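Student: got a sequence here, can you model it:
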Amino acid sequence: MAILTAAVKLYLFLEYHAEDLVTDVLRMATDESDNPDLRNRGYIYWRMLSEDPEAAKTIILCERPPITEQSTNLDPQLRD
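Tutor: Predicted coordinates:
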């Protein structure tokens with residue numbers, strides 16, 4: 001899963017210079033994998049890249065919000 005995601009991000013980040021790499025990785029993920037989660041992710045990436053690469057770039061390379069601790073917002077009795 002990590003290799004698939006990294007290949008797609010590399011492809012989008014390098015402005016489509018890693019086309020052969022991402023094609024091979026997507027093919028392996030969708031055709032040769034026994035893992036249904038990996039296959040589904042591969043199909044989702046493949047469809048996103050083939051339908052609208054700019055939208056895929058916006059979605060995949062977006063900035064993620066920081067992870068924050070929310071335990072301070074909970075009632076202390078509930079937390080215990």
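
Student: check which element follows the longest helix along the chain along the chain.
Tutor: Looking across the chain with DSSP state H, the single longest helix is helix 36-51. Next helix or strand after helix 36-51 toward the C-terminus (DSSP states H and E): helix 53-60.

Student: and that next one, what's buried?
Tutor: For helix 53-60, a neighbour-count test (16 or more other Cβ atoms under 10 Å) marks 56-57, 60 as buried. Every residue, glycine included, has its C-beta placed from N, CA and C.

Student: quick one: low-confidence parts of this structure?
Tutor: Counting by pLDDT under 70, the chain shows low-confidence ranges at 70-72.

Student: go with 90
Tutor: By pLDDT under 90, the low-scoring segments of the chain are 15-17, 62-80.

Student: show me the contacts for Arg64.
Tutor: For Arg64, no residue meets the contact criterion (Cβ atoms under 8 Å, 6 or more residues apart in numbering).

Student: what secondary structure does it sit in?
Tutor: coil (DSSP: H, G, I helix; E, B strand; the rest coil).

Student: I appreciate the help and will end here.
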